[in-house]
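Undergrad: Next input, structure requested:
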Amino acid sequence: MKKINELNSTFSSTDLVVRLEKVIVSTATNGSSYLILNLSDKTGRVEARKWTVTEEDKQMLQPNSFVLFKNAAVNEFRGVLQLKVNDYSILSETELNNLGLEAKDFIIEAPINVEKNYAKLMSILEGVTNDTYRTLTIGLIKKYEKEFLSYPAAMTIHHNVKGGLFWHSFTLVKNALALKPSYAYASIDWELLICGAILHDIGKVIEIIGPTGTDYSLQGKIIGHISIGNTELNKLAEELNIYKDDQGNINESLTLLQHMIIASHGKKEYGSPTEPVIIEAIMLSIFDDLDAKVFKINHELNKVEHKSWTPRIISVDGKMFYKHKK
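TA: A predicted model of the protein is given here:
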């Protein structure tokens with residue numbers, strides 16, 4: 001049985017066991033329905049089409065199902081492999097085990113040791129001297145620890161793997177620490193930048209449903225992770241009685257942390273309620289954008305052959321990228 005990363009244009013057809021990540025019902029030019037299937041195993045992802053579709057197919061082929069496709073045709077469309085599928089069987093976990101496979105064999109995970117790096121992150125945060133930054137950041141992480149360590153950072157745009165949220169957030173922390181010596185001359189609150197890097201996407205623990213990220217929650221769809229994260233931060237500050245001081249003044253450190261979250265997309269047209277007006281927020285938005293684009297471009301480059309072009313990547317200004325390196 002082939003793995004996804006073993007497929008190439010020399011195959012005419014193959015048998016394949018996969019997990020369905022996403023199922024889209026679309027309409028052809030003749031008015032008939034067809035299915036766009038996003039398939040995955042631990043080694044990668046591939047897209048498939050099922051052109052002849054029944055109501056039973058729509059009921060059977062659901063996200064997170066394990067499926068055995070028989071004699072799936074392997075095609076190349078605009079330089080990217082694509083499968084044409086028809087004959088299939090839905091597999092139970094018992095049937096999966098009988099094939100020598102487990103559910104974990106179909107989950108793409110962040111390529112880092114989450115547990116080990118989480119310990120490093122907590123050590124960094126425990127050393128933060130600003131009480132508000134430290135208390136609120138550790139408090140929110142601990143409140144949503146399981147989700148923070150296992151959820152993807154997005155559905156499709158970037159780091160859409162198990163543990164992707166932690167991977168992405170910790171990468172921004174490491175980038176900040178790596179640049180600190182180069183910008184020692186600048187008036188930068190590095191503790192604010194580090195805590196903002198961790199908190200900027202914390203709302204995704206509510207926005208996204210589950211570690212496999214098959215859909216957005218109702219809150220995710222109608223509120224979004226930025227507003228969710230800001231609300232969670234504000235709520236925790238009130239619960240810990242650090243929202244205001246004894247004179248009734250709102251905690252300025254809390255306000256700065258909130259700005260890091262709500263300005264993290266950089267521009268209003270990108271979804272930020274406000275744009276960065278402190279140096280740490282502009283740095284965070286740049287780090288965030290860079291990490292997302294590197295992930296997405298690399299992900300698309302991995303799908304095409306050497307000296308080929310990726311399809312247009314919508315999240316990177318609709319540009320195509322050339323794979324010059326093997």
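Undergrad: pull the CA atoms of stretch 212-225 into CSV?
TA: Presented in CSV, the C-alpha positions along stretch 212-225 are these (Å, rounded to 0.1, in the frame of the first residue of the first chain):
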residue,chain,number,x,y,z
THR,A,212,-7.4,17.7,13.1
GLY,A,213,-9.0,21.1,12.2
THR,A,214,-11.8,19.8,10.0
ASP,A,215,-14.0,22.9,10.6
TYR,A,216,-14.5,26.2,12.4
SER,A,217,-16.7,26.4,15.4
LEU,A,218,-19.7,28.7,15.4
GLN,A,219,-17.7,31.3,17.4
GLY,A,220,-14.9,31.0,14.9
LYS,A,221,-17.1,31.6,12.0
ILE,A,222,-19.0,34.6,13.3
ILE,A,223,-16.5,36.2,15.7
GLY,A,224,-13.0,35.0,14.8
HIS,A,225,-9.9,34.2,16.7
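Undergrad: Quick one: residues in contact with it.
TA: Identification of contacts with stretch 212-225 by CB atoms under 8 Å, 6 or more residues apart in numbering yields 19, 21-22, 63-64, 107, 151-152, 154-155, 160, 162, 201-204, 206-209, 228, 271. The C-beta positions use only the backbone N, C-alpha and C, and glycine is treated the same way.
Undergrad: In strands, which of those fall?
TA: Assigned to strands by DSSP state E, the following of the contacts of stretch 212-225 qualify: Arg19, Glu21, Lys22.
Undergrad: hang on, the last one packs against Gln62?
TA: No. Using CB atoms under 8 Å, Lys22 is not in contact with Gln62, being 10.3 Å away.
Undergrad: Tell me which of those two has more neighbours.
TA: Per other CB atoms under 10 Å, whichever of Lys22 and Gln62 has more neighbours is Lys22, with 18 against 12.
Undergrad: For the more buried one, which non-adjacent residue is closest in space?
TA: Asn38 (4.0 Å; CB to CB, 6 or more residues apart in numbering).
Undergrad: Is the one you found within a helix or a strand, and which one?
TA: Using DSSP states H and E, Asn38 sits within strand 33-41.
Undergrad: The very next helix or strand once past that strand pairs with which strands, parallel or anti?
TA: Next in sequence after strand 33-41, counting helices and strands by DSSP H and E, comes strand 44-50. Neighbouring strands of strand 44-50 in its sheet, by DSSP bridges, are strand 33-41 (antiparallel), strand 80-84 (parallel).
Undergrad: thinking again about what came up before, contacts for the strand holding Asn38, please.
TA: Contacts to strand 33-41, defined as CB under 8 Å, 6+ apart, come from residues 3-4, 16-28, 45-53, 57-58, 61, 67, 83, 85, 105-108.
Undergrad: what residues does the lowest-mean-pLDDT helix or strand in the chain touch?
TA: Scoring the helices and strands of the chain by mean pLDDT, DSSP states H and E places strand 80-84 at the bottom, with a mean of 87. Contacts to strand 80-84, defined as CB under 8 Å, 6+ apart, come from residues 7-9, 16, 39, 46-51, 69, 72-76, 303-304, 310-311.
Undergrad: residue contacts, the spatially closest residue to His259 that is not a sequence neighbour?
TA: Distances taken as CB to CB, 6+ apart place Ala281 nearest to His259, at 5.7 Å, with adjacent residues excluded. By CB under 8 Å, 6+ apart, the contact set of Ala281 is Gly196, His259, Met260, Ala263, Ser264.
Undergrad: gap between the third one and Leu193?
TA: According to CB to CB, to the nearest Å, Met260 and Leu193 sit 8 Å apart.
Undergrad: and if you look at the second one?
TA: Distance check for His259 against Leu193: by CB to CB, it reads 12 Å.
Undergrad: sorry, back to before: which of the contacts of strand 80-84 are buried?
TA: 7, 16, 39, 46-50, 69, 72-75, 303-304, 310 (16 or more other CB atoms under 10 Å).
Undergrad: which residues touch Lys268?
TA: So Lys268 contacts Thr274, Glu275 (CB under 8 Å, 6+ apart).
Undergrad: at 7 Å instead, please
TA: Glu275 (CB atoms under 7 Å, 6 or more residues apart in numbering).
Undergrad: Quick check, pLDDT for it.
TA: Per-residue confidence (pLDDT) for Lys268: 87.
Undergrad: how near is the nearest residue to Asp105 once chain neighbours are set aside to Ile108?
TA: Once flanking residues are discounted, Asp105 sits nearest to Lys42: 5.2 Å by CB to CB, 6+ apart. Going from Lys42 to Ile108 by CB to CB gives 6 Å.
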